Structure formats: structure tokens, C-alpha cells
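*Asks:* based on what follows, work out the 3D shape:
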Amino acid sequence: MVNAEPPLVLPFRGERFAGRDLSARLAPPYDVIAPDERRALAARDLHNIVHLILPEAGVERDQYLHAAALLAEWRRAGVLIRDPAPAVYVLEQAFPLPAGGTRTRVGLFAAVAAEPYDAGRVRPHERTHAGPKADRLALLRATATALESIFLLAPDAGGDLTRALAGVTRGAPSAEGTLDGVRHRLWIVTGAAADALAASAGRAPLYIADGHHRYETAVAYAKEHPAADRVLSLIVPATDPGLTVLATHRVVYGIGFDLSPLLGQWQQWFAVTATPPLADPVGHLAVAGAQGTACVVALPDGRDLTLVLRSDAPLGEISVLGKSLAARSLDVSIVEALVVKPILGAGTSTPTLTYTPDAAKALEAARRGRAAAAVLLNPTRVAQVIAVADAGDVMPQKSTYFVPKVPAGLVLRPV
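*Replies:* Below is the predicted model:
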């Protein structure tokens, strides 16, 4: 008899901070917290979650064991309380957009099967690195608790999951909090309603939007402890109207750059024009992108160039774009290979490549001469993320920037 496959998504008994207002205890994901922000969060509240997700090592203490001891202390003191029954936790995030206006994104925290990608039920779109996984695995081993969630996308073509989540949010939330201008509201759903939401979220394969390192860490931990075969996940319908991806722009620093020879090289691939001086570069880029792959290259002399891929560009000759059509056709793949890498090779010093979702900061760095160039891109679309994952391919580094981030501190999951 063949054993049935375990459900992809299940409710779980979560652990939460006591009290309704969580503002002082929330923190961004560990990997986007700069040292000065870590200090500010730690000073905000003795029980801010940053004390656990980014524990500080002392002269005579191991940082991971310190986090475990602190977690145990918070449990004894009633700072953290375990919910009595399995639940899913519906999260609504209302957030401002960089260009103005606001959006609302809704999803649910649940326990997702932590299994190798070969199973095909959880699909990645990024490569990972050993260092972050070793760090997170050491913390997980010490605390035996999922302190942070990964972020997954669930296909929802019929809209059933979206409608069910909207129904939950019409009631009063159990907890709420604000972090970095984003309002978070949390509802606890138990019983048959929780089972139905979990089943709806797990009807089809799930796609990692953010948290590849944490997912792979959970899989590694499950190999050590087979009973710990679930990963704390926020699952958002892929068709949610609030689902927002920002572009991650490239900024190149260094000295001795001469980019003038690149103009002729770029013209082999792109239609190259001067960006109108009074135009909003981001808005202008969005319009240019309607014609195909496009980018804006901002230079220290105040000139901005708009590059739009020519329809006859022989992309088949560029082997580094990716192995699948889905990856090879991404704006970020094409611009990285044909624009960013040539800029990196045009200086007399070893260049530094940085990334930012803030177009204004990227432009300012170039226009004030601090950077050799800034390359602005249009955002990768959610459908493209799914297509690359379905093809078993990966995107270039920093291809997506989903906003808002999923904060730590809303719900934890002892494993």
C-alpha cells in the first residue's frame, strides 16, 4: 500500500507575545537589519524579537545559546504564550507605496511541509549561500523554534482563498502593530475554518517569494529531526491585488571608469536615447518597458540614457542569461549581462556593486558623483517568478524585492 502524501499546509499551535499591541516587539527579517537598526530595535523593548533573531555574542557566551536561554526566560515569565489549539493566523498588511498611495496585502501563517525541492511542492527561484544557512541552522538547533516566517505565493486562479481570507478580516483582529509605516493586523482562526483555509492554500505547489535560506535550513533541520518537518510560512495568494514587487536597482562604485566605449557596444543590442531631462526616470522607464526590456543608466555628468532592447537583438548568443526561456527573457537577466557587467569591467579599480529598491537613492549616488553609474530597472512580475520556478531555473541575484517584508514577532512556531 502506498502511503498518502502528507498535506502541504497545516494549522499549528503558535506562540505569540502576550498583549494586543505588538508594535514595540516587531522587527524586520534578520537579513535586512543593519547594525544601527538592530541597536535601535533592541533599545525599543527588552522583549523585541530582534534579541532572538539576531542575538549578540558576548566574550563568554555563545550567541545561539544566549537566544535559547532568553527564549526560555520569556516563556517562564509569560512574555510568550502558546495558543491552546492548532490555528492559522491571518495577516493583513496595509502599507505605503514609494510613488504614493497605499495597498493592502492579506495572507495566512501556517505550517508548510519542509521537504526537498525535488518533491516539487515548494518551488524556489533563487540560489542560496552556505553562510546564512549555517547561521540560521545553528539558531534553530539552539532554540528548536521557528522565530521567523518565510514568504510563499499560492496559486489562486478561482479566488477561493482570497475570498476566504477577506471574510476573516471583516472581524476584529486579535493583535496588531505598526512597524516602519506598515500596519499589521492578525486574526486567529481555529477548528474547521482553519483546516479549510490550510487546505485551500495547499491545493497547488507553493512558490518561495522570500526566505529561500530559511526554507532550506528547515529542510536540513528536518533531516536531523524528522518530527520537525514543517516550516513557518506566510502564504499569500499569487493574485492578491496588494502583492507588490519593487525593482532592485544596481549601483556601481569605483574609480577610473570610462563608459564612453560602451555606448557603441550597447547599440548592438539596444536602442539608446537620452532620457528627457525633465522626465521622471522611473515613470519614463515604465513607459519604455512597455516596448520590451528597458533600463535607465544614470551617469555622474548628469546624463541619463534609456536603453530599450531591439527586437532583432540576438539573445540566443548570450549563454549567461539562463537555461530556460523564462529566465532568459527577464529584464534583470538581460540588463545584468549586457549593461551591468560591461560597466563593472570599465574601471581601473575593483568595482563594488550594490543593490537598492530606492530609485531616488540610486540616482542621487550617480548624479552626485559618488557612484560611477546607476542602472534602474522595471520590477519583475509575479507571473515571471512563477514561470522561472516552474522551469526549474533561477533568477540573477536580487531580482525581486517584495514589499512589505514579513516582520518577525507576530507568531512563532516551536518545532
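*Asks:* strands paired with the strand ranked longest in the chain, and their directions?
*Replies:* The longest strand of the chain (DSSP state E) is strand 102-113. In the sheet, strand 102-113 lines up against strand 9-10 (antiparallel), strand 87-96 (antiparallel), strand 230-237 (antiparallel) (DSSP bridges).
*Asks:* now name the helix or strand holding L363.
*Replies:* Per DSSP states H and E, L363 falls inside helix 359-367.
*Asks:* next: Q384.
*Replies:* Per DSSP H and E: Q384 is located in helix 382-390.
*Asks:* any chance of TSV for the strands paired with strand 102-113, columns distance to H284, mean pLDDT and mean neighbour count?
*Replies:* (C-beta placed from N, C-alpha, C; glycine too.) Below are these laid out as TSV (distance: least, C-beta to C-beta, whole Å; pLDDT from 0 to 100; neighbours: other C-beta atoms under 10 Å):
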stretch	distance to H284	mean pLDDT	mean neighbour count
strand 9-10	42	98	22
strand 87-96	22	98	22
strand 230-237	30	98	27
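*Asks:* figure out which of those strands is closest to T306.
*Replies:* Among those, the nearest to T306 by C-beta to C-beta is strand 87-96 (27.6 Å).
*Asks:* run through who's touching that closest one.
*Replies:* Strand 87-96 is contacted from outside by 11-14, 102-110, 165, 168-169, 173, 181-190, 194, 197-198, 234, 242, 244, 403-404, 406, 410-411, using C-beta atoms under 8 Å, 6 or more residues apart in numbering.
*Asks:* try it again with 6 Å
*Replies:* Residues outside strand 87-96 that contact it (C-beta atoms under 6 Å, 6 or more residues apart in numbering): 11, 102, 104-110, 165, 168-169, 181-190, 194, 197-198, 404, 411.
*Asks:* also stretch 218-234?
*Replies:* The contact list for stretch 218-234 (C-beta under 6 Å, 6+ apart) reads 107, 109, 111-112, 114, 137, 140, 146, 149-152, 215, 406, 413, 415.
*Asks:* how far away is R183 from T102?
*Replies:* 9 Å (C-beta to C-beta, to the nearest Å).
*Asks:* quick one: residues contacting F12.
*Replies:* F12 is in contact with 86, 111, 413, counting by C-beta under 6 Å, 6+ apart.
*Asks:* residues touching the second one, list them.
*Replies:* For A111, the contacting residues are 10, 12, 230, taking C-beta under 6 Å, 6+ apart as the criterion.
*Asks:* re earlier: ok, the contacts of F12 vs R121, which is closest?
*Replies:* A111 (13.5 Å).
*Asks:* partners of that closest one in the sheet?
*Replies:* Beta-bridge partners of A111, as defined by DSSP bridges: L10, L232.
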